[in-house]
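In: Build me a structure from this.
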Amino acid sequence: MKHELLAPAGSLKTFYAVVNAGADAVYVGGPRFGARAYAQNFTTEELIEAITYGKLHGVKVYMTVNTLVKESEVQDCIDMMIPFYEAGLAGVIIQDVGIIRTFRKHFPKMELHASTQMSVSNVEGANLLKEAGICRVVPSRELSLTELKEIHDETGMELETFIHGALCYCYSGQCLFSSFIGGRSGNRGRCAQPCRLPYEVFDENNRKIFEKRELFSLKDLCTLQFLPEILESGVYSLKIEGRMKQTSYAYTVVSIYRKYLDLYDEKGKEGYQVSKKDYEALLKAGNRDGFTNGYYKQHNGKDMLTGRSSAHVSSEGILDENLMCQKKQVPISGSCKLQVDEPVTLTVKYKDVEVAVTGATVQAAENKGILREQIEKQLQKTGSTPYVFGMLDIAMDDGIFLPVSSLNQLRREALEVLTRQICGQRLYEAPKAEEETSHNIIAGKENVSVLVRTKEQLFALMDRPYISRIYLEITAFSPEESKALIPDLFKIRQEQLEIYLALPYIFRKRNKDHFLRAYELLKDVTDGFLARSYDSLGFVKEQKLPFVTDASLYCFHTEAVRFFKDFSAWQTTVPVEITRKEMKPLLPFTPELIVYGRIPLMISAGCVKKNTAECKKKSETLFVKDRMGYVFPVVNECNGCYNVLYNSKPTCLFNDKTSFDTPYLRLQFSTEDESEVNKVLALFEKQVLGFNTPAKALTDFTWGHYKKGVE
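Out: Okay, here's the model as predicted:
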């Protein structure tokens, strides 16, 4: 299998450089909706130029639309894509499932790739997206070589993985850290990278166990030493991170990986050996406290973290940028026929593509006619076009006249037609409007659900008849603890409460196995599921029970809701990054609204406990303190082997004047003890349900994005 070397380009200059360095494909950001909103990015004209140049040089161009799109922006996103689709864009890298659904209808001849922002970590997620029209998946960076091979072997899908560049601490697409502490959402391409800042860590006894330094900052990834193992795991596209990096960085990294990819193709794994000089060249091009092998061969590790400084360092570029970024013209052949009283004809050919155009009528010269040399000179003026004539044949009558302007126009038209033929340009046709399915808003009394992750929280819900559903955070319970809960869960169901199992935030093999063991024990007391990832969605849609999609399966607009309804989701959850006003288009689908709870800000394979003390394979809560004095609880979910960093303050949307637009309300408990749960429920009963319950107001909470939203 021939592999694809996929390079980043943040500008047209860098695009030419990485093509010259040997990239098979290039990914770029368009004018809007890319995950690097603060990067230079391409204008419409520049991107069309890049697509055309790539077609001529056998290089594919992929565009990133890897952010979440609001209802008011969907049509803008379609309109933005039309000229690129018509120009022959090879594919688009997407995070938003509503955009997948939209683009599949509007742009049927273009490849759709699932961004790493979708956190695909298992076969189930890949198969689900394959069913949705995705042909390539960029899995979570946290996956091992074994997991990648399993996805490839069982789905047959193209896999694209990162082989070099910066790493996020959190599973991509699951990070709300920047969003909630500073209003700059990574899901909207505006991450402020708070993970690169210093933090302190305290245990449950308020004892400091980690001095103020980088806790979440990972070294840059470099896989050059074990590239053959990645190639043999079934990965097709080898992706280099760095759309915001300098041109010299991109050129150097691409050229070195090109060299070793070719070496592997020529000599195989046995003849593959990396020189010290080339490895040091990568270090000089740019690194963050050295390199790491990433997650390919380990689940996590302290050695992946940067030391005292998380700054990215690089040497001054010593390469000639003019040489790096030189546009290379491709040779074409041409023949021009000029006969008196006949239209001039110019035929041009590139490889097996040939076009002919006609121009003005050739006239007999009254005085001195036009010379062959003049005709050849004008036709050879290909200038800034991608072409140069390697051969040009001119057949002409004697004593003829044709204005120079006519020759120029003929040449321009011929090259434009040739370009259109080579690029295989497509005509956009708007799809027929989809028939709307009616959804009636269910008015009336509130339907209250509560998520719990401890036995004490569960028992605090007893004798509260207004609660209709309980979500059980099954990852927080061992199989033995789950089994011990069965009698209580039977009793709860007798009170007309539904029990839904909340699947892990990340549904990889380890936590999938834990969940399946728990589900087998709790099958008789399970009424449904809460799906939190595309992997768990792929699992629950095959079960014969209803399921709700959580806020981590983002529904910023109605097409996203329809995506989940296509896969039989009974209900969705309002995203925590949209405002009350922005959620209004979603209301006909009766989503569930989280009205209380600490919002998970980061889900990570990295473990704060392991990196600051030692792993005891026992779930516990630590506390991370930032520069401003805010304290964030972090829970190591050992049954799933991932961490959840919660917001420093709970989101609370209820007060005396609250009137919610949806009757489906959810409270989420995470680190609260039984007394805190009782306090919150009493306040909810008083302020939302109108009970006469004595209650004290919360003093330390946030409205989240309910009022202001994200940019």
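In: Just want the most central residue of the chain.
Out: With distances taken as CA atoms, centre = their mean, residue 117 lies nearest the centre of the chain, 2.8 Å away.
In: which regions of this structure lie under the pLDDT threshold?
Out: The model of the chain has pLDDT under 70 over residues 37-39, 308-319, 435-446, 656-659.
In: Domains in it, by residue range?
Out: Using automatic domain parsing, the domain parsing of the chain gives 4-167+218-324, 177-216+599-649, 330-423, 447-598+650-687.
In: quick one: which of the ones you listed is nearest residue 703?
Out: Residue 703 sits nearest to domain 447-598+650-687 of all the domains of the chain, at 6.7 Å, using CB to CB. In this view, the C-beta of every residue, glycine as well, is placed from N, C-alpha and C.
In: Show the end-to-end separation of that closest one, please.
Out: 15 Å (CA to CA, to the nearest Å).
In: now that domain, how far from the chain's geometric center?
Out: Taking CA atoms, centre = their mean, to the nearest Å, one finds domain 447-598+650-687 lying 25 Å from the centre of the chain it belongs to.
In: residues near the nearest residue to residue 570 once chain neighbours are set aside, how many?
Out: Once flanking residues are discounted, residue 570 sits nearest to residue 546: 4.1 Å by CB to CB, 6 or more residues apart in numbering. When neighbours are defined as other CB atoms under 10 Å, residue 546 has 15 of them.
In: And the one 4 residues further on, by the same measure?
Out: The local packing of residue 550 (other CB under 10 Å) involves 27 other residues.
In: Please report how far it lies from residue 668.
Out: 10 Å (CB to CB, to the nearest Å).
In: From what I see, the residue nearest to the centre of the chain and residue 187 are in contact.
Out: Yes - taking CB atoms under 8 Å as the definition, residue 117 is a contact partner of residue 187 at 7.4 Å.
In: what do these two both touch?
Out: Residues touching both residue 117 and residue 187 by CB atoms under 8 Å, 6 or more residues apart in numbering: 67, 95, 173.
In: And the domains of the chain: which comes nearest residue 700?
Out: Closest approach to residue 700 among the domains of the chain (CB to CB): domain 177-216+599-649, 5.7 Å.
In: ends of that closest one, how far apart?
Out: End-to-end distance for domain 177-216+599-649, by CA to CA: 13 Å.
In: Pull the distance from it to the chain's centre.
Out: Distance of domain 177-216+599-649 from the chain centroid (CA atoms, centre = their mean) equals 22 Å.
In: these two touch, right, residue 90 and residue 109?
Out: No - with contact defined as CB under 8 Å, residue 90 and residue 109 do not form a contacting pair (10.5 Å).
In: and these two? which has more neighbours close in?
Out: Each of residue 90 and residue 109 has its neighbours counted (other CB under 10 Å); residue 90 has more, 19 against 10.
In: Excluding chain neighbours, what is closest to that one?
Out: Among residues not flanking residue 90 along the chain, residue 60 sits closest, at 3.9 Å (CB to CB, 6+ apart).
In: how about the one you found, phi and psi?
Out: Residue 60 adopts backbone torsions of phi -80, psi 150, taken as degrees, to the nearest 10.
In: now it: how far from residue 18?
Out: Using CB to CB, residue 60 is found at 12 Å from residue 18.
In: hmm, who's touching stretch 681-695?
Out: Stretch 681-695 has contacts (CB under 8 Å, 6+ apart) with 446, 460-461, 464, 466, 595-596, 654-656, 658, 660, 665, 667, 679, 696-698.
In: ok, which stretches of the stretch 251-400 of the chain are helices?
Out: Applying DSSP state H, counting those that start in this stretch to the stretch 251-400 of the chain gives helices spanning 276-285, 321-324, 372-379.
In: Adding mean neighbour count as columns, could you present those in TSV?
Out: Output for the helices of the stretch 251-400 of the chain, formatted as TSV (neighbours: other CB atoms under 10 Å):
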stretch	mean neighbour count
helix 276-285	14
helix 321-324	13
helix 372-379	15
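In: can you tell me which of those comes nearest to residue 76?
Out: Of these, nearest to residue 76 by CB to CB is helix 321-324, at 34.5 Å.
In: For residue 186, which residues are in contact?
Out: By CB under 8 Å, 6+ apart, residue 186 lies in contact with 35, 175-179.
In: Okay, and which of those residues map to helices?
Out: Secondary structure defined by DSSP state H assigns 177-179 of the contacts of residue 186 to helices.
In: Between the residues you listed, which sits nearest residue 213?
Out: residue 177 (17.3 Å).
In: Not counting sequence-adjacent ones, nearest residue to the closest one?
Out: With sequence-adjacent residues excluded and distances taken as CB to CB, 6+ apart, residue 177 is closest to residue 601, at 4.5 Å.
In: And what about the one you found, helix, strand or coil?
Out: Classification of residue 601 using DSSP: H, G, I helix; E, B strand; the rest coil returns strand.
In: quick one: the helices in the stretch 1-150 of the chain?
Out: 12-21, 44-56, 74-87, 97-106, 123-131, 145-155.
In: Kindly export the first one (C-alpha atoms) in CSV.
Out: In this case it means helix 12-21. Listed next in CSV are the C-alpha coordinates belonging to helix 12-21 (Å, rounded to 0.1, in the frame of the first residue of the first chain):
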residue,chain,number,x,y,z
LEU,A,12,0.1,29.9,0.0
LYS,A,13,3.9,30.3,0.5
THR,A,14,4.1,27.4,2.8
PHE,A,15,1.8,25.4,0.5
TYR,A,16,4.3,25.7,-2.3
ALA,A,17,7.1,24.8,0.1
VAL,A,18,5.6,21.6,1.3
VAL,A,19,4.7,20.5,-2.2
ASN,A,20,8.4,21.1,-3.2
ALA,A,21,9.4,19.1,-0.1
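In: Can you report how many residues lie near residue 565?
Out: Neighbour count for residue 565, taken as other CB under 10 Å: 17.
In: can you pull the contacts of it?
Out: Shown in contact with residue 565 (CB under 8 Å, 6+ apart): residue 589.
In: And the closest residue to residue 519 other than its chain neighbours, how close does it get to residue 668?
Out: Once flanking residues are discounted, residue 519 sits nearest to residue 501: 6.4 Å by CB to CB, 6+ apart. The spacing between residue 501 and residue 668, counted by CB to CB, is 15 Å.
In: The helix or strand residue 622 falls within - contacts with which helices or strands?
Out: Using DSSP states H and E, residue 622 sits in strand 621-625. With contacts taken as 3 or more CB pairs under 8 Å, 6 or more residues apart in numbering; DSSP states H and E, strand 621-625 sits against strand 198-202, helix 608-612, strand 631-637.
In: In CSV, list these along with mean neighbour count.
Out: Formatted as CSV, these follow (neighbours: other CB under 10 Å):
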stretch, mean neighbour count
strand 198-202, 19
helix 608-612, 21
strand 631-637, 20
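In: closest to residue 452 out of those?
Out: Comparison of these against residue 452 by CB to CB identifies strand 631-637 as nearest, at 13.5 Å.
In: Could you find the closest non-adjacent residue to residue 481?
Out: Nearest one to residue 481, counting by CB to CB, 6+ apart, is residue 455 at 7.4 Å.
In: ok, so what distance separates the one you found from residue 202?
Out: Distance, residue 455 to residue 202, by CB to CB: 25 Å.
In: Kindly report the same for residue 475.
Out: Counting by CB to CB, the separation of residue 475 from residue 202 is 24 Å.
In: May I have the phi/psi pair for residue 680?
Out: Main-chain torsions, residue 680, degrees, to the nearest 10: phi -70, psi -40.
In: what residues are up against it?
Out: 596, 667, 669, 672, 698.
In: Please repeat the previous calculation with a cut-off of 6 Å.
Out: Neighbour list for residue 680: residue 596 [criterion: CB atoms under 6 Å, 6 or more residues apart in numbering].
In: Kindly report the same for residue 415.
Out: Contacts for residue 415 (CB under 6 Å, 6+ apart) come out as 385, 387.
In: Now with 10 Å, please.
Out: Shown in contact with residue 415 (CB atoms under 10 Å, 6 or more residues apart in numbering): 332, 334, 346, 348, 350, 355, 357, 382-383, 385-387.
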